[in-house]
Structures are given as structure tokens and as C-alpha cells.
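Trainee: Need a 3D model of the following:
(2 chains)
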2 protein chains.
Amino acid sequence: MIRPLAGLRVVEVSSFVAAPTAGLTMRQLGAEVIRIDPVGGAADTSRWPLSDEGRSLYWAGLNRGKLSVELDLTSPEGQAAIVDLVCAPGDGGGILVSNLFGKSWLSDQALRARRSDLIHVQVLGRSDGAPAVDYVVNAASGLPFATGPEQLAEPVNHVLPAWDLLCGMYAATAVLAALHRRREHGAGSHVSVSLEDVATATLSNLGMLAEAHQTGIARPRVGNAVYGSFGADFALADGGTVMVAAITDRQWRELLDVTGRADAVAAVESAVKADFADEGDRFRHREVLVTLMQPWFAERTSEQVAAALDATHILWSPFRRLTDLADDVAQGRSPVAHVRDEPGLGANVVTTGPVRLRGENDPETAPAPSLGADTAAVLGTATTSGGAG
Amino acid sequence: MIRPLAGLRVVEVSSFVAAPTAGLTMRQLGAEVIRIDPVGGAADTSRWPLSDEGRSLYWAGLNRGKLSVELDLTSPEGQAAIVDLVCAPGDGGGILVSNLFGKSWLSDQALRARRSDLIHVQVLGRSDGAPAVDYVVNAASGLPFATGPEQLAEPVNHVLPAWDLLCGMYAATAVLAALHRRREHGAGSHVSVSLEDVATATLSNLGMLAEAHQTGIARPRVGNAVYGSFGADFALADGGTVMVAAITDRQWRELLDVTGRADAVAAVESAVKADFADEGDRFRHREVLVTLMQPWFAERTSEQVAAALDATHILWSPFRRLTDLADDVAQGRSPVAHVRDEPGLGANVVTTGPVRLRGENDPETAPAPSLGADTAAVLGTATTSGGAG
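Mentor: Residues are numbered from 1 along each chain as shown, chains lettered A, B, ... in the order given. Here you go, the predicted model:
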């Protein structure tokens, strides 16, 4: 673990993916993170996937290295203990990330009356505070009708909870930005960020909403093609499939050379009056270009294709399985993850996070806590009357 | 724009999505961000989607509010001007986010010799610094075989460049964490984060790699079902499709009530010896549960379903099109985006970013710069000899 945030203490009243990701990210950068749960745990405590012993690998991953405080959140004593913890003095404290909404005892007003320079980041589903999950926000975004093979009729949700994860990263960024402001000016911050707003802002940043607004047409499905450039999947002789992208001029020329299609493509270019130096034209005419190149791939095995493409700057990868990536980790091929046997979890795949600080990485990473394991230690005996720890 | 990062100056030598997202995020939080481009722009300058006038809506979105410096990056003078800019004194400066790799003139060693407390974040494709794009990293991750309808044979890449976006957010977080450390201890930081490592760490955080490692089985496709809980798409009488998720006990009971399926589901529960209070059992038996509920949806219009579900806590949304979300924005229904006419871009959808600072939001947002517009102003006349501005 690297420790640029050593000395910070973040309290997280959280569940599911977004808010725990915010805390986890800061934990992976060295902060102390205290996750608060109701007695028995929040609704994510036993979320799939599960280990053989029935423990949630998901919960264990998203709460790794945190301290766990288990309290009766419906009791005045439990609520007071959390407020005390959040509002305790200290430059590194006074930081709350929460996805609870509408609880008067945890309202910004109540908390800020106790500590005016509080950094309070509320993670929401909808803009208005209503709950939402990634799949529902994604359905509303329009992406599921832009995802998948062209001939498909039904919507396809992404499997990665991308809006949750991005929302969590925005929440972590907001905490650190607010911390900068507090150090500069002494001011606290009350911030909110929702999955819904993250989706809208992201699709705006990428120009996708401007395109939809200006054309009146929702971007259609293009399978695995890379919109506006050249990218395609190709089937190989041995049943494998590869993703190939040529987004620069050099990559494009190399792809023509390695597949031996330079002459054929030049003939097409002339016939259809296209300019394949323009990546837009490569996208417009992708069907004929892919058709011309496909035989080269269909005649070769994965090994042969790898040897040929690895000798170029072309961007490519075989389409693999999650088990292939897990094998990479198990065999020590990832700098950021490894396998470790952990009680109740079995052979766990654990990570220090993707941020690598040169010269200071430490492969050690603490496991997720047992629920409530740190209640007494964190709160102290005087304030644990509402606790279950 | 909100301004917790006012006073920071970030230099970005960047292209495509990840590194520009890091700078954009800090810009949206008030930092000054200077994007450096080679003469004529980087390879992303004319990336689709394009406006009617041929300008990139994508570039305009990802570089909004930044200053643009256009320089001959192959000339000693251009290179020296960038190094001067990155290493200029000042508490808020000395911050570089770059996706250039392997350039000796921009090496950490060369830069750190000029400013020892430099914050240098390198955004990479692969762990080892080799270039990669989102679609290729995603192919290697295994997710494309876990995405889409169960009967599909081919891999399905996500359309959202999620690894790029997450990598950019990790880069922004890393800058701010390193800034905290510099203020605490005076130390600089050399950080790297790659799309590949972000994918590995994320799938580890979510327990997906542990599951694959322990079972030896890559999670299969489950269509739009929510893995390990109850979530499904339902077709409606008017041709609409909705995504419905019941991830808490209350949502599940309400879904049985609103669809009138409590008795039928209880009979199935008894017959198959399941416990539908356990969300895992709801997932295991999702086919029969969906089959039982589908007629209720098939008999109702979008409007009727909305009225019924909105009266409950069930999480749901119609599957919409990108044009629907763009319409929301155009009609003023998003707190974080709006439509603005901008030169060369037309009716642009613009955003202040998803982070909302209570009491301090400002809907004004500066457009993307013209390429090189700020070269002279940023570098000063003495150092622009290598520039094209």
C-alpha cells in the first residue's frame, strides 16, 4: 500500500458499490477508512459472488483494509456515536462519505452545527436523491441500445457497474478537492454526486449527447467497431477472436501491410472515392475493409496472429475470459493484484489498487474486516452503548 | 463552475480519453488546466462525433475550459518550453498529467532534476507502458463474454470507454493525493496508472476475479439480469422495455404486490424448495420468476407501468435512447448539463461536471479552446519560439 493520504480519517456510511469505492480508493492511497454498518450489516453484506464458505467476495473486495463499526443506526445512541466520530476534531478528520439520504440525524445541517469545516460527500442514485442502481441508470442513459451486435433488437446493459464505479471515483476526487480547499481557506464543503448526474456529465463530456441532440438520431449499434475510427473483431482459424484497432495513421498502414491488403484496399479506396487516411472514412467503409481483412485472420491461429501483430504498433488483444485474467494474476503477471488465502474467503484475488507510486509500492494489503470488528476500538468504551460490537 | 481547486495549475500532455478526463475533472473543480498539443493537434483532434462544421464534439467536450498550447514537440525549443512550464515555481504548479511515454525530454528524471517536488502522473495503456485503447483492454479483461444475451456466441464490448474514464479519474485522484502529500511533507510523487491495471484492480475489487479463480469458470452471460439478485428487463404492451431491480426485501415484496404475483411466487418457492427472501435464490430461479411476472408488464403501457412502479420503492427505468437523455438536457431537466450554441460546434450539450457543491454551483462553463489559442499567453513571448500559436 502506498500512503500519500496517511493521516486522513474518512468515515463511510455506505453500501453497494459507489460509496464503498470512494472509501476504498482513499484507503488504497493510505487513508484510514471507517465503514459504518447497521447491526447485521447493510443490504450488500452477502452480495454475490460468494466464497465456498458463503462469504461475499464482493464485500470483501470493496471494503478491504477498512475498519468496521457496527451500530444500531435506529437508536439515538448509535446515531450520536456516528455523529461524534464524523465531527471529532483533527485536521485529518471531519470527512464523511455517505449514501444514506434523508436521515435527519445525519443531515448536513446537524453535522455542520457540530463541525463547521466538515467535508460531507453524499453519494446519490438520482439527482434528486432517490435511490437507483447502475443497471437502471444505464437503461435511462440510452447506452443499452447502442451496445452489442447490429442485428440485435433488445437492449444490452453493460456488466461492469461503470456508473457506480465512476460515481465513487468522483466522490473520492471531491473529498480530496474539498480537503485542498479546507487547507487553503478553512472552509468546509457539502458535496453531492449522483449516478444519474455522472452518466449525463460523462456522455456530455464525450460529445455523445451533443451528437444525439444535433442529429436527432441515437447512435446506432456498431457491434465491436470503434465509432469513427477503425476497430473490429476478427475470427481466427482456431476458434479464437481478436479485437484489433488502428487509430493512428501508422497503425493503419501497418495493418494493411501485415494483412497484405494494401493493394486491395487502395483499389476500394479509389472505387468508392474514399480517403482511408481519414479515420472517419475507415469507419464509414468498415464493412468492406473488414471483409477484405477477415480471410487473413481466418487462415491463422491465435499464436500466428499474435506473432504477426506483436511485431507492429497495431493495438490488439484476444477476446479472453475472466478466468484468463484471473490466471494472469495467479501466475504473478499483474503488478497490482495477487492471490492470497484468507479466512472465510479462500484463495482471494486481492489488489493494492491501480495507482502505482514509483519506488514506494508495497504489495501488502490488509483484508476486509469482520463486520463490526472495530466497533469498540474505534468508538471507545464510552460511546459504544448503541453498538453491537 | 465550482472552485475548490482554484489556484492549482495542471499541465496536460494528453490525447484521447483518459488523460484529458483527469485534467477535465480538475478543471471542473476549479483548477487551471493547460493542454499541450503538437502542431496541428494530437491524434484525437478530429475524433467523432463531429459537428456540422466538422469540429470534434468529443474533443470539445473533453477539453472544455482548458487553455491550449500548441508546440513543435520534436524541436528542442518546444520541448524546453514544456519543461519550463511544468517545472515553473509556485505551490499550485509543478503538476503534470501525461500519456506520452518513453520520451527522454519528458522523463521523470529530467523533470525532477528541475523541480524535485514535481507531481507527475503518467497515464498508460498497458502496465508496461505499451499503448492500448479501451476496447482492447476490455477484450483482454474477459467482460465481453459476460455481456449481452445468453444465447449470443460472440464477444460484446461495452460502448462506454469505462476503463479510459476510470483511469482518468484515478489519475485525478492520484494528483490530489500527491498534492496532499506535498503539502504535508514537501515530497514530490511519480505516479503511473494504466488502463490495464485499472481493469485488473476493479475486477478484483468487485470479487469477480476471485470468483473466476476459485470456480475456474468465467461468469456466464445472464442478459440484463442483475447477478446474484433480482433484476430483469420486461417488454410492455406498447413496445417499450423496462429495467426493473428489486435488491432489498422491501423492493421484492412490493414487486410481488404490484404485479399481483405473491401467491404464485409463494407456490413456486414451496415447490422448488427455495427461499426468495434470499436474493441469491431470486437470482437462481430468475427464469420462472420473470416468466410469472412478464404478463403483468405485457398487458400494460409504459404510462401504466410507470404509474404503478413509481408508487413503490422498486428501482426501475424504461430503456431509453441517447436522444431521450439529450432531450432531458435540452428541456432543462438535468442539474449538471445544458444546451448552448457555440461557434463551430452548433447546439452543444455542455456540463459543469457531476460534482455539485451546495450553495456554490455556477452554471457557466467555458468552451474548449481553439487549438493553440493560448500558446503565446501561457508561454510568454520569450519561450514561444518553438510554438505555432
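Trainee: Going by C-alpha atoms from here, please, whenever you check contacts or count neighbours.
Mentor: OK.
Trainee: If we go by neighbour counts, what in stretch A:174-193 is buried?
Mentor: Using 16 or more other C-alpha atoms under 10 Å in any protein chain shown as the test for burial, stretch A:174-193 gives A:174-182, A:187-193.
Trainee: I meant to write stretch A:282-294 there.
Mentor: For stretch A:282-294, a neighbour-count test (16+ other C-alpha under 10 Å) marks A:282-286, A:289-290, A:292-294 as buried.
Trainee: Return the alpha-carbon coordinates of it using CSV.
Mentor: Output of stretch A:282-294 as CSV, limited to C-alpha atoms (Å, rounded to 0.1, in the frame of the first residue of the first chain):
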residue,chain,number,x,y,z
ARG,A,282,-12.3,4.0,-42.5
PHE,A,283,-15.3,3.8,-40.2
ARG,A,284,-17.8,4.5,-42.9
HIS,A,285,-16.4,1.8,-45.1
ARG,A,286,-15.6,-0.6,-42.3
GLU,A,287,-17.7,-3.5,-43.7
VAL,A,288,-15.8,-3.8,-46.9
LEU,A,289,-12.5,-3.3,-45.1
VAL,A,290,-13.2,-5.9,-42.5
THR,A,291,-14.4,-8.3,-45.3
LEU,A,292,-11.1,-7.8,-47.1
MET,A,293,-9.0,-8.5,-44.0
GLN,A,294,-11.0,-11.3,-42.4
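Trainee: from the middle of its chain, how far away would that stretch be?
Mentor: Mean-position distance between stretch A:282-294 and its chain equals 32 Å (C-alpha atoms, centre = their mean, to the nearest Å).
Trainee: ok, now stretch A:115-131?
Mentor: Worked out by C-alpha atoms, centre = their mean, stretch A:115-131 lies 20 Å from the chain centre.
Trainee: Ok, stretch A:82-95 next?
Mentor: Distance of stretch A:82-95 from the chain centroid (C-alpha atoms, centre = their mean) equals 28 Å.
Trainee: for the closest residue to chain B within the stretch 101-250 of chain A, what are its contacts?
Mentor: Residue nearest to chain B within the stretch 101-250 of chain A: A:Gly142 (3.9 Å; C-alpha to the nearest C-alpha). By C-alpha atoms under 8 Å, 6 or more residues apart in numbering or on different chains, the residues touching A:Gly142 are A:218, B:319-325.
Trainee: count of neighbours near A:Leu5?
Mentor: Neighbour count for A:Leu5, taken as other C-alpha atoms under 10 Å in any protein chain shown: 24.
Trainee: oh sorry, the question was meant for A:Thr259
Mentor: 17.
Trainee: returning to what we had before: contacting chain B as well, which ones from the buried residues of stretch A:282-294?
Mentor: Checked against chain B using C-alpha under 8 Å from any C-alpha of the partner chain, the buried residues of stretch A:282-294 give no members in range.
Trainee: of all those residues, which two lie farthest apart?
Mentor: Among the buried residues of stretch A:282-294, the pair separated by the greatest distance (C-alpha to C-alpha) is A:Arg284 and A:Gln294, at 17.2 Å.
Trainee: Tell me where the model's unsure across chain A.
Mentor: The model of chain A has pLDDT under 70 over residues A:1-2, A:360-364, A:381-389.
Trainee: Would you point out which residue is most central in it?
Mentor: Note on chain A: the residue nearest the mean C-alpha position is A:Leu165, at 3.4 Å, using C-alpha atoms, centre = their mean.
Trainee: contacting residues around that one?
Mentor: With C-alpha under 8 Å, 6+ apart, A:Leu165 has these contacts: A:17-18, A:21, B:166.
Trainee: which phi and psi does A:Arg219 have?
Mentor: Phi and psi for A:Arg219, reported as degrees, to the nearest 10, are phi -50, psi 130.
Trainee: Please apply the same query to the one 10 residues further on.
Mentor: Backbone torsions for A:Ser229, taken as degrees, to the nearest 10, come to phi -150, psi -160.
Trainee: what's the answer for the one 10 residues further on, then?
Mentor: With angles defined as degrees, to the nearest 10, A:Gly239 sits at phi 90, psi -10.
Trainee: Kindly report the same for A:Ala140.
Mentor: Dihedral angles for A:Ala140 - degrees, to the nearest 10 - are phi -70, psi -20.
Trainee: Verify the contact between it and B:Thr323 for me.
Mentor: No - assessed by C-alpha atoms under 8 Å, A:Ala140 is found out of contact with B:Thr323, at 10.6 Å.
Trainee: Common neighbours of those two, please.
Mentor: Both A:Ala140 and B:Thr323 lack any common contact, where contact means C-alpha under 8 Å, 6+ apart.
Trainee: sorry, back to before: helix or strand for the residue nearest to the centre of chain A, which one?
Mentor: helix A:162-185 (DSSP states H and E).
Trainee: Repeat that for A:Leu256.
Mentor: According to DSSP H and E, A:Leu256 maps onto helix A:249-259.
Trainee: Okay, buried residues for the very next helix or strand once past that helix please.
Mentor: Where DSSP H and E defines the elements, the next helix or strand beyond helix A:249-259 is helix A:262-271. Of the residues in helix A:262-271, A:265, A:268-269 count as buried by neighbour count, 16+ other C-alpha under 10 Å.
Trainee: So what touches the next helix or strand after helix A:262-271?
Mentor: Next along the chain after helix A:262-271, taking DSSP H and E as the criterion, comes helix A:279-284. With contacts defined as C-alpha under 8 Å, 6+ apart, helix A:279-284 is touched by A:225-230, A:247, A:274-276, A:289, B:48.
Trainee: again, 10 Å this time
Mentor: With C-alpha atoms under 10 Å, 6 or more residues apart in numbering or on different chains as the test, helix A:279-284 has contacts from A:222, A:225-232, A:246-249, A:252, A:269, A:273-276, A:285-286, A:288-290, B:46-50.
Trainee: Would you state the helices of the stretch 201-350 of chain A in chain order?
Mentor: Ranges of helices in the stretch 201-350 of chain A, per DSSP state H, counting those that start in this stretch, are A:208-215, A:249-259, A:262-271, A:279-284, A:286-298, A:302-310, A:322-330.
Trainee: Put together JSON lines for those helices, with distance to B:Pro89 on each row.
Mentor: Below are the helices of the stretch 201-350 of chain A laid out as JSON lines (distance: least, C-alpha to C-alpha, whole Å):
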{"stretch": "helix A:208-215", "distance to B:Pro89": "39"}
{"stretch": "helix A:249-259", "distance to B:Pro89": "38"}
{"stretch": "helix A:262-271", "distance to B:Pro89": "51"}
{"stretch": "helix A:279-284", "distance to B:Pro89": "41"}
{"stretch": "helix A:286-298", "distance to B:Pro89": "49"}
{"stretch": "helix A:302-310", "distance to B:Pro89": "42"}
{"stretch": "helix A:322-330", "distance to B:Pro89": "42"}
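Trainee: what's the burial count for A:His313?
Mentor: When neighbours are defined as other C-alpha under 10 Å, A:His313 has 17 of them.
Trainee: Please disregard the earlier target; I meant A:Thr365.
Mentor: For A:Thr365, using other C-alpha under 10 Å, the count is 17.
Trainee: I'd like to know how far the residue of chain A positioned farthest from its centre sits from A:His285.
Mentor: Within chain A, the residue lying farthest from the chain centre (C-alpha atoms, centre = their mean) is A:Ala271, at 44.7 Å. A:Ala271 sits at a distance of 12 Å from A:His285 (criterion: C-alpha to C-alpha, to the nearest Å).
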